[in-house]
Structures are given as structure tokens and as C-alpha cells.
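A.B. asks: Structure for the following, please:
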Amino acid sequence: MLNTIEDSIARESEILRYNILKYSKKNVYFFRSANHTTDVSVKMIDYYPFSKKDSNYMSSLLTHHCQEIAETTNSTCTKIKSGYSGNHKTKAFMAKFKIDSETEPSSCSTIYAVSSNSKSFIITFRSLLNRDYNKFIQKTIIN
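C.D. replies: Numbers count the residues shown, from 1 in each chain. Down below sits the predicted model:
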């Protein structure tokens, strides 16, 4: 799957991202839509019941990281939105970025961090389409 990426810088960036996830603690799962317009990665992490203040920090870190990657790949990264939702049982953070490149089609990256039932995960949707995944995340139950 990674070898099909034509742009060598983008391919190396994806291989690095894959290896970081693959060799880190906990399980990671990768999915791709049948029409190849959306990639999904799900990374289980140690339980972390983050707060709204933590979500502001996560937003800043992700924005900085996205802009760093954009600089190395001759692209631009623009934060579309980010937000936090939480109650006593479930905490959710979301950040959405638009990535524009001169050599590749524009894409969106939507990242969710969810903590519920003493478990946490991060799910990333990378798509050529700007979709709203909030309803999907709201239906996700961590057992």
C-alpha cells in the first residue's frame, strides 16, 4: 500500500508514520476505503482522561506537527477546526486540517482522541474528501 505512493517524500513520510505507530506500545489498526479516498488508523493508547485544557495543548501540538510536515513536503497545512466535548464518563477531542500540495490532490486529516470506560484511543481519518466523522465517533463505544 505504501509503495503505491508516487511522491518519494510523501511515501517516506507515510512509512515513518506507519513504523512509529507499528512499533509503539498498544495495538494499531489500519483501514483503507475500497475506492482509496480515505485511510483510517486506530491507535489504542494508555487510558488518559484528558481535560478541555489538555485539548488546547493537543490542538497546538497537532497544528505545529502538521505545519512541520508541510514544510518538509512542500505543502501547506491549515487547521480547519478543533474542539473538545466531555462529561464524567467520556472525553473527546477533534482536530481537522486541510493539506494542500502542488503535486498531490488536496486532502483532509481529521484526528480524534477519545477516552471512555477507562480506555483511550486515537483515530485518524485521512481523506480526499472533507467529511464529518462526528456521528461515527459519537456511536463508538469502548468496551
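A.B. asks: what residue ranges in this protein score low on pLDDT?
C.D. replies: Scanning the chain with the threshold set as pLDDT under 70 gives 1-25, 141-143.
A.B. asks: Please name the nearest non-neighbouring residue to Ser41.
C.D. replies: Spatial nearest neighbour of Ser41, excluding adjacent residues (CB to CB, 6 or more residues apart in numbering): Thr124 at 4.9 Å. Backbone N, C-alpha and C define where each C-beta goes, glycine included.
A.B. asks: Shouldn't the one you found be within a strand?
C.D. replies: Yes - residue state for Thr124 (DSSP: H, G, I helix; E, B strand; the rest coil) corresponds to a strand.
A.B. asks: Next, count neighbours for it.
C.D. replies: Neighbourhood size, Thr124 [other CB atoms under 10 Å]: 18.
A.B. asks: wait, isn't it in contact with Ser107?
C.D. replies: No - the criterion here is CB atoms under 8 Å, and Thr124 misses it with Ser107 at 11.9 Å.
A.B. asks: Contact partners for the residue nearest to Ser41?
C.D. replies: Listed by CB atoms under 8 Å, 6 or more residues apart in numbering, the contact set of Thr124 reads 40-41, 43, 109-112.
A.B. asks: Next one: the residue in the chain sticking out farthest from the centre from Ile111, what distance?
C.D. replies: Farthest-out residue of the chain from its mean C-alpha position, per CA atoms, centre = their mean: His88, at 24.2 Å. Separation of His88 from Ile111 (CB to CB, to the nearest Å): 24 Å.
A.B. asks: now do Tyr29
C.D. replies: Plainly put, Tyr29 is 15 Å away from Ile111 if you go by CB to CB.
A.B. asks: Show me which of those two is the more surrounded one.
C.D. replies: Each of Tyr29 and Ile111 has its neighbours counted (other CB under 10 Å); Ile111 has more, 20 against 12.
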